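Novice: next one to model:
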Amino acid sequence: MCDTREIGPGESHLAWRAMRELRPHVTSAPEMARRVDEEQRPEGFRLAGCFVDGEAEAVAVAGFRVTYNLALGRNLYVDDLVTHEPFRGQGHAGHLMDWLSEEARRLGCAVLHLDSNVGPERRAAHSFYFGRGMRITSYHFGIGLANGT
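Specialist: Sure thing, here's the model as predicted:
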């Protein structure tokens, strides 16, 4: 069992151990905390974490934001959802999804959604999302602007 709670400003470093598995290009806890607290939080980004006894940092983390658009209305978008590898398969991501769903309802959101990369290494994540009742609702397209890829 874990204690699922919001990770507030000044605590963002508590998410790094789990987050670095999903975002390895972020090379340190101070770098992640700076990016989150100075760049993302002003745009509405929030963090939630799953904490277990004996661990100072979150063992699972979700990064999310509430947005509004014409297609979905008020919605909660999950940017990041990851469990630190030694703690996978223990239900922590499910606790985070429950917390996120409740927060979305509390805030009057009509939809909770996320994007998930494709590939064989993502099979477990996709099974988890399908098992939570999520479904594929669209394709997500993108192009890098630095070199056109």
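Novice: ok, residue 14 - contacts?
Specialist: 7, 49, 56, 57, 58 (C-beta atoms under 8 Å, 6 or more residues apart in numbering). Using the backbone N, CA and C atoms, a C-beta is placed for each residue, glycine as well.
Novice: any idea how far it is from residue 130?
Specialist: Look at residue 14 and residue 130: by C-beta to C-beta, to the nearest Å, they are 30 Å apart.
Novice: for the chain, what spans make up the helices?
Specialist: Secondary structure of the chain (DSSP state H): helices at 16-22, 29-34, 92-106, 123-131.
Novice: and residue 84, which of those helices is closest to it?
Specialist: Among these, the nearest to residue 84 by C-beta to C-beta is helix 16-22 (4.3 Å).
Novice: in terms of secondary structure, what does the closest one contact?
Specialist: helix 29-34, strand 60-69, strand 73-83 (3 or more C-beta pairs under 8 Å, 6 or more residues apart in numbering; DSSP states H and E).
Novice: next, format those as a markdown table and append distance to residue 114.
Specialist: Output for these, formatted as a markdown table (distance: least, C-beta to C-beta, whole Å):
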| stretch | distance to residue 114 |
| --- | --- |
| helix 29-34 | 19 |
| strand 60-69 | 8 |
| strand 73-83 | 4 |
